[in-house]
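Undergrad: based on what follows, work out the 3D shape:
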Amino acid sequence: MFKKRLIFITTVVIVLAALSLMFAVFYTEVFKMRILNQRPEEQKASADMDSDDDALSDLEENSLGTNKNSADTDGDGLGDANEVRIYNTDPKNADPDNDKLTDYYEIIIYETDPFNPDSDSDGISDYDEALEKLRQKK
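TA: Okay, here's the model as predicted:
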C-alpha cells in the first residue's frame, strides 16, 4: 500500500513539474509573439515615444547617445533637438571649442562660433571678449 502511494505521489509531482515547464515555455513563446506581432499603430507609438518632450524621439536619442529623460543632455541651455536640427552642435558637449562659453552663450548671447575659441580671429578669445563686454556694462 505504501509503495503504491509513493509511486502515485511521485507520478503526480513529475506531471506537475512537466505541466509547469510546458506553461513557462508556452508563456514565453506567447510573450515573444505578442512583441513581434504588434499592430502597426503600437509600433509607431514605440518609435514616436519622446520621454523628455524635447522633439527628439527616444529612438533618435538612443542613436545619438543623448539622455532620453533630459531635454538638454549637456546642460548648456540649448535643447537637444535644437542642437541637432538647428545649430548643428553636439548635444553631448556643452563647450566644443573649450573656451569656457557654452553653446548657448556663444550662439544666443554673444553670437560667436561655438567651434572656434576666437571667432573673429583677433587674438582675443571669445571668453575674454565676453568678459570685457560684461565689464563695460557695469
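Undergrad: any buried residues in the helix or strand harbouring residue 134, and which?
TA: Residue 134 is part of helix 126-137, with elements assigned from DSSP states H and E. Neighbour counts over helix 126-137 (16 or more other CB atoms under 10 Å) mark 126-127, 129-130 as buried. No exception for glycine: its C-beta is placed from N, CA and C like everyone else's.
Undergrad: what does stretch 109-122 give?
TA: Residues 110, 112-114, 117-119 are the ones in stretch 109-122 that count as buried (16+ other CB under 10 Å).
Undergrad: now do that stretch: everything it contacts.
TA: If you take CB atoms under 8 Å, 6 or more residues apart in numbering as the criterion, stretch 109-122 is touched by 87, 89, 95-99, 101, 103, 106-107, 124-127, 129-130, 133.
Undergrad: that stretch: end-to-end distance?
TA: 19 Å (CA to CA, to the nearest Å).
Undergrad: still on that earlier bit, separate out the buried members of the contacts of stretch 109-122.
TA: 87, 89, 95-97, 99, 101, 103, 106-107, 125-127, 129-130.
Undergrad: and of those, the nearest to residue 63?
TA: Nearest to residue 63 among those is residue 89, at 16.9 Å by CB to CB.
Undergrad: how about the contacts made by that closest one?
TA: Per CB under 8 Å, 6+ apart, neighbours of residue 89: 78, 83, 96, 103, 107, 114-115.
Undergrad: by mean pLDDT, flag the weakest helix or strand of the chain.
TA: Lowest on mean pLDDT, DSSP states H and E among the helices and strands of the chain sits helix 40-48, with a mean of 57.
Undergrad: tell me where this structure has helices.
TA: 2-36, 40-48, 58-64, 80-82, 103-104, 126-137 (DSSP state H).
Undergrad: average pLDDT across the last one?
TA: I take that to be helix 126-137. Averaging pLDDT along helix 126-137 yields 91.
Undergrad: burial count for the nearest residue to residue 54 once chain neighbours are set aside?
TA: Leaving aside its sequence neighbours, residue 54 sits nearest to residue 71 (CB to CB, 6 or more residues apart in numbering; 3.7 Å). By other CB atoms under 10 Å, the residues close to residue 71 number 20.
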